[in-house]
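Asker: Return atomic coordinates for the entry below.
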Amino acid sequence: MSDTSARPGRFIDLANPTRFLALADRLVPWLAGLSILLLAFGLYLGFAAPEDYQQGTTVRIMYIHVPFAWIAMMCYSLMALAALGTLVWRHPLADVSLKAAAPIGAAFTALALITGSIWGKPMWGTWWVWDARLTSVFILFLMYLGIIALTRALDDPARSARAAAIITLVGFINIPIIKFSVDWWNTLHQPASVFRLGGPTIHPSLLWPLLIMALGFTVLFFTLHLMAMRTEIMRRRVTAMRYIAARRADRKPA
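Answerer: Numbering: from 1, shown residues only. Reported below is the predicted structural model:
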């Protein structure tokens, strides 16, 4: 039998938590090192890039704010895929992925809101406005917090996984609202300037640092996600071992 026919089986083997832990142990150091290199290079290019003719040096906040916002939406999209994996494909690691990603997504969303406020103060003259983009991102942050609270409130793992998956899928409708809010409504927030049909409107001297920073934070996200999944798997194993030990202790004669 050819090696090609064995590949699907090898991919399915990753559903085994033990095999996944072994893969994560190999990948995490390399991903962490790559993220550090990319972020360091991106910061160097960002500080070396020219100032914006309107925003001046304030534009440099873009190099962290925009990646934070991108990852906030990407993380929730990943959680939606994990929710499908839980409800449709019954993948054993889907719920682990969803639960591990939620706190990371909440952190990146909070950072996007904070850096956006810092950027908005000199540009708009205020720290916050309830426009469509900012409000929908704030709702995304609340959704992350709600999913985290839900996964910790229910003791039954099966009920917790199903409830979190359903809530995540329902809340996914907010992602396209965030993406297209600047096109559907009049907002203070600037329209899309990188991922648009007509191509980026940002000058290459500003675009390349932004893209490298976005790639660096993306690699950092997956590094943190693998680490969080690894921790969650180990936590569940410890919980299962304690449960088995308690059952055995109950069965012993007095």
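Asker: from what I can see residue 47 touches residue 57, true?
Answerer: No: counting by CB atoms under 8 Å, residue 47 stays clear of residue 57, with 9.5 Å between them. Heads up, the C-betas are built off the backbone N, CA and C, glycines and all.
Asker: Now do the shared contacts for these two.
Answerer: Shared contacts of residue 47 and residue 57 (CB atoms under 8 Å, 6 or more residues apart in numbering): none.
Asker: Based on its surroundings, how many neighbours for residue 213?
Answerer: 23 (other CB atoms under 10 Å).
Asker: Quick check, central residue of this structure?
Answerer: residue 75 (2.6 Å; CA atoms, centre = their mean).
Asker: pLDDT at residue 33, what is it?
Answerer: You'll see residue 33 listed with a pLDDT of 98.
Asker: Tell me, how many residues neighbour it?
Answerer: Residue 33, neighbours per other CB under 10 Å, totals 12.
Asker: can you map out the helices along the stretch 51-200 of the chain?
Answerer: 62-87, 94-124, 132-153, 157-171, 174-184 (DSSP state H, counting those that start in this stretch).
Asker: Packing partners of the first one?
Answerer: With contacts defined as 3 or more CB pairs under 8 Å, 6 or more residues apart in numbering; DSSP states H and E, the secondary structure elements packing on helix 62-87 are helix 17-48, helix 94-124, helix 132-153, helix 157-171, helix 174-184, helix 204-251.
Asker: among those, which is the most enclosed?
Answerer: Burial of these is given as mean neighbour count (mean count of other CB atoms under 10 Å); helix 94-124 ranks first at a mean of 20.
Asker: State the mean pLDDT of that one.
Answerer: pLDDT averaged over helix 94-124 gives 94.
Asker: Could you number the chain from 833 rather than 1 from now on?
Answerer: That works, and once the first residue is 833, the last one we named lands at helix 926-956.
Asker: So what's the gap between it and the chain middle?
Answerer: 9 Å (CA atoms, centre = their mean, to the nearest Å).
Asker: elements contacting it?
Answerer: helix 894-919, helix 964-985, helix 989-1003, helix 1036-1083.
Asker: tilt between that helix and helix 964-985?
Answerer: Interaxial angle, helix 926-956 versus helix 964-985 (axes from the mean of the first three to the mean of the last three CA atoms, to 10 degrees): 150 degrees.
Asker: orientation of helix 926-956 relative to helix 1036-1083 in degrees?
Answerer: 140 degrees.
Asker: got the angle between helix 926-956 and helix 849-880?
Answerer: Going by the same axes, to 10 degrees, helix 926-956 makes 10 degrees with helix 849-880.
Asker: circling back: Throw the helices and strands packed on helix 894-919 into CSV and include distance to residue 913, thanks.
Answerer: As requested, the helices and strands packed on helix 894-919 are exported to CSV (distance: least, CB to CB, whole Å):
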stretch, distance to residue 913
helix 849-880, 16
helix 926-956, 8
helix 964-985, 14
helix 989-1003, 10
helix 1006-1016, 12
helix 1036-1083, 13
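Asker: Of those, give the one that comes closest to residue 898.
Answerer: helix 1036-1083 (6.1 Å; CB to CB).
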